[in-house]
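Asker: coordinates only, sequence not included:
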């Protein structure tokens, strides 16, 4: 492809102060201005009629430069926040409320170490990291009206602080409240009454489907890309270079690789909850005159003790908190439990991790993609894969440490026993994978892998328990239901499958409720109070839609059950959905229904209200956490939360502060791709590409988003040119 370049650009200096308490944020390095000019002369950006950026660069580094410039144009605020979070500098922008979030990050990430790792990086990656920082700094130099909260100058090494595009990385699995309890007191507690950490039930999720040529109308492999995140968590763009880069998809704000997407040859969809890659070790402490030790084998090892300073924003400038923190050889100490200190072990290897994330985007077939998987640095993702050769594949996790199966690694293991140590990572071929199953389809919905391809699925008994971290969920049977009989698949029918409205959880949850009602004595007052609602639920087809009254009743009833029983389920270390299936009494089911109807009556004046009058989409501001307002315009949404089996997820933040329910998480960037000699794809985003409320692309996709109506992806230069809204150089 021939690229068009413009010349004669002039430069504007940075003129900004370094980030407070941030190492290596000095003025522009010698030669940087010349690099900026050279990159800018070799980059061309075309915005299509949806505001989506198509970046064309001479080299990969030029393309990365333009990619960062374009992202910053769309939402610099989210870029900066992601790196404040990744570097542990968030409190400098948000104040004391972020101190322990920063401390958690700094237990694992150290700026000086990242700088050393950057200096030792391979030359090709270092070149891209320099281009990454150049693109952001050049943007700031050209936009004096943009006021960074903390990072006024980006350094190349900072790219190593955020190398994997998932929402909520491994570090965020550490419980903040327990971390604060441990490090927020003069003497870290060692109470024997501490309870084990059980994470909150996460209602989110993602779906990936791969369709083999035998099932598609075109005779090509197909891919369904359906991540569920907080809205506006990623940008949509295409980035192309003359060095072979040509990739389209979702980019987590501030990163220089497409996290979920496709190139002319193949595509990949990541879902969360693969193999277990994080473990906790209970350290047996021994206090000696010269410090704290912990038992290991037949001897003692000394805890490493350091200080971490967390600057934070306050009136009149920056304050600071200084923490004395502890590490065993397993990792940082994050809490106390049963008289022992708990260390967390996880993989922190940013240079290979960033390399794998980027190199994945330049693969051309299954063999080259598999080669990137063999790098084994992806700690939190499953991967659904399809390519133009007709191959479909599934990888359940990537980096999975070998362990002694005699130990239960779902709880802290004895840190003094050397037998609990990791024994290196499993080879990919030893993990749970699928390649071209004969049924012609595979999927993952953040569930276990043992239903991934129907009767062609991996067998549970062939793998250690730590190779899968989540069980089945209601979206698993739903995906099997829509895929098992699918034939002659087109882009439109693939989208329809991904938006199928069956709420499979209620197939299991509602019959016991109806039986509980039917068992009531004839004179019981609940018969009169609940009879009409039960009749509606009895006749319901269990499919969500905007005009459905029983959808609203069922979801409010289910949410009431979670509010009443969620904590009990977590205490029992049982998924809340499983608890609702197995552990409820008749009285608990009926009482929760009464409470749900009362809430509907109170908030909306009647319980007989269609779901779409409650479930709404609204985008008002560019705030990271969106405000919602019942008095402002909004759109009805017929989709439902993924917890109830909805494949097209529409969920909300808790606690709810409005009467109507406003979606904030779920479907975000979504795409359906057909991998023929020519790529055909359709896509959709929540709201719009731009984070600027003044932009026409802030909400230009919102109506389509609420209705599941997709637009064509513009992948080839002639199509981009035909639908160009603006064409320019940085």
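Answerer: Yep, it's here. Keep in mind the model is a prediction, meaning the values are calculated, not measured.
Asker: name the helices or strands packed onto the lowest-mean-pLDDT helix or strand in the chain?
Answerer: Using mean pLDDT, DSSP states H and E, helix 576-582 stands out as the lowest-scoring helix or strand of the chain, at a mean of 88. Packing partners of helix 576-582 (3 or more Cβ pairs under 8 Å, 6 or more residues apart in numbering; DSSP states H and E): helix 505-518, helix 549-571. The C-beta positions use only the backbone N, C-alpha and C, and glycine is treated the same way.
Asker: Which residues does it contact?
Answerer: Taking contacts as Cβ atoms under 8 Å, 6 or more residues apart in numbering, the residues outside helix 576-582 that touch it are 201, 471, 473-474, 505, 508-509, 558, 561-562, 565-566, 568-570, 572, 643.
Asker: List only those of those flagged as buried.
Answerer: 473, 474, 505, 509, 558, 561, 562, 565, 566, 569, 570, 643 (16 or more other Cβ atoms under 10 Å).
Asker: I figured residue 509 was touching residue 558, is that so?
Answerer: Yes. Contact criterion Cβ atoms under 8 Å: residue 509 and residue 558 qualify, at 6.8 Å.
Asker: mean confidence score for the helix or strand following the least confident helix or strand of the chain?
Answerer: The helix or strand immediately downstream of helix 576-582 is helix 586-604, counting by DSSP states H and E. When pLDDT is averaged along helix 586-604, the result is 97.
Asker: same thing with stretch 139-156?
Answerer: Throughout stretch 139-156, pLDDT has a mean value of 97.
Asker: Report the buried residues of that stretch.
Answerer: Result for stretch 139-156 [16+ other Cβ under 10 Å]: buried residues 139-142, 148-156.
Asker: And for this structure, the residue most distant from the center?
Answerer: In the chain, residue 523 marks the outermost C-alpha relative to the chain mean, sitting 51.1 Å out by Cα atoms, centre = their mean.
Asker: Please state the backbone phi and psi of that one?
Answerer: Backbone torsions of residue 523, given as degrees, to the nearest 10, read phi -90, psi 0.
Asker: now do residue 638
Answerer: According to degrees, to the nearest 10, residue 638 has phi -90, psi 0.
Asker: ok, and the closest non-adjacent residue to it?
Answerer: residue 546 (3.5 Å; Cβ to Cβ, 6 or more residues apart in numbering).
Asker: Please apply the same query to residue 393.
Answerer: Residue nearest to residue 393 in three dimensions, not counting chain neighbours: residue 385, with 4.3 Å by Cβ to Cβ, 6+ apart.
Asker: Near the one you found, how many other residues are there?
Answerer: 25 (other Cβ atoms under 10 Å).
Asker: where along the stretch 51-200 of the chain do the strands fall?
Answerer: Along the stretch 51-200 of the chain, counting by DSSP state E, counting those that start in this stretch, strands occupy 53-57.
Asker: in it, what spans have low per-residue confidence?
Answerer: Counting by pLDDT under 70, the stretch 51-200 of the chain shows low-confidence ranges at 168, 185-200.
Asker: 90 instead?
Answerer: By pLDDT under 90, the low-scoring segments of the stretch 51-200 of the chain are 164-170, 185-200.
Asker: what ranges do the helices span in it?
Answerer: 60-87, 91-94, 99-108, 111-119, 123-142, 176-183 (DSSP state H, counting those that start in this stretch).
Asker: what do you get for the stretch 251-400 of the chain?
Answerer: Using DSSP H, counting those that start in this stretch, helices in the stretch 251-400 of the chain cover 350-359, 366-373.
Asker: quick revisit: let's have the buried ones among the contacts of helix 576-582 in a markdown table, adding distance to residue 51.
Answerer: What follows is the buried ones among the contacts of helix 576-582, written out as a markdown table (distance: Cβ to Cβ, whole Å):
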| residue | distance to residue 51 |
| --- | --- |
| 473 | 35 |
| 474 | 35 |
| 505 | 37 |
| 509 | 42 |
| 558 | 37 |
| 561 | 42 |
| 562 | 38 |
| 565 | 44 |
| 566 | 40 |
| 569 | 43 |
| 570 | 42 |
| 643 | 33 |
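Asker: what about stretch 434-444, how long is it end to end?
Answerer: Terminal residues of stretch 434-444 lie 11 Å apart, using Cα to Cα, to the nearest Å.
Asker: which one is residue 318 nearest to, not counting chain neighbours?
Answerer: Residue 318 sits nearest to residue 311 (Cβ to Cβ, 6+ apart), 4.7 Å away.
Asker: got it, and residue 184?
Answerer: Leaving out its chain neighbours, the residue that sits closest to residue 184 by Cβ to Cβ, 6+ apart is residue 100, at 7.5 Å.
Asker: Neighbours of the one you found, how many?
Answerer: A count of nearby residues for residue 100, using other Cβ under 10 Å, gives 22.
Asker: Ok, residue 653 next?
Answerer: 15.
Asker: and it, that's in a helix?
Answerer: No. Read with DSSP: H, G, I helix; E, B strand; the rest coil, residue 653 is coil and lies in no helix.
Asker: how much space is there between it and residue 430?
Answerer: Separation of residue 653 from residue 430 (Cβ to Cβ, to the nearest Å) stands at 40 Å.
Asker: Ok, residue 551 next?
Answerer: From residue 551 over to residue 430 (counting by Cβ to Cβ), the distance is 44 Å.
Asker: okay, the two: which has more neighbours?
Answerer: Set residue 551 next to residue 430 and count neighbours by other Cβ under 10 Å: residue 551 wins out with 30 against 13.
Asker: quick one: contacts for the closest residue in space to the more buried one that isn't next to it in sequence?
Answerer: Leaving out its chain neighbours, the residue that sits closest to residue 551 by Cβ to Cβ, 6+ apart is residue 611, at 4.1 Å. Contacts for residue 611 (Cβ under 8 Å, 6+ apart) come out as 544, 545, 546, 547, 548, 549, 551, 552, 555, 638, 640.
Asker: try residue 395
Answerer: The contact partners of residue 395, by Cβ under 8 Å, 6+ apart, come to 274, 373, 382, 383, 385, 428, 431, 432, 433.
Asker: Redo those residues as TSV? Include distance to residue 255 and pLDDT.
Answerer: Converted to TSV, the contacts of residue 395 look like this (distance: Cβ to Cβ, whole Å; pLDDT from 0 to 100):
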residue	distance to residue 255	pLDDT
274	20	89
373	19	98
382	19	96
383	17	98
385	20	98
428	24	98
431	25	98
432	27	98
433	26	98
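Asker: Of those residues, just say which sits nearest to residue 240.
Answerer: Closest approach to residue 240 among those (Cβ to Cβ): residue 385, at 21.7 Å.
Asker: Tell me the bridge partners for the closest one.
Answerer: Residue 385 has the following beta-bridge partners by DSSP bridges: residue 268, residue 393.
Asker: If you count neighbours, what's buried in stretch 330-341?
Answerer: Neighbour-count burial for stretch 330-341, counted by 16+ other Cβ under 10 Å, picks out 330, 331, 332, 333, 334, 335, 336, 337, 340, 341.
Asker: Settle this for me: the fourth one is touching residue 283, isn't it.
Answerer: To tie it back to what came earlier, the one meant is residue 333. Yes. Counting by Cβ under 8 Å, residue 333 does reach residue 283; the two are 7.2 Å apart.
Asker: Now do the shared contacts for the two.
Answerer: Common neighbours of residue 333 and residue 283 (Cβ under 8 Å, 6+ apart) are 303, 341, 342, 343.
Asker: residues contacting the residue nearest the centre of the chain?
Answerer: In the chain, the centroid-proximal residue (Cα atoms, centre = their mean) is residue 167; its distance is 2.7 Å. Going by Cβ under 8 Å, 6+ apart, residue 167 touches 204, 229, 230, 233, 252.
Asker: what's the burial count for the last one?
Answerer: Pointing back at residue 252 there. Neighbour count of residue 252, defined by other Cβ under 10 Å: 23.
Asker: Could you tell me how many residues sit around residue 700?
Answerer: For residue 700, using other Cβ under 10 Å, the count is 18.
Asker: Quick check: it touching residue 51?
Answerer: Yes. Assessed by Cβ under 8 Å, residue 700 is found in contact with residue 51 at 7.3 Å.
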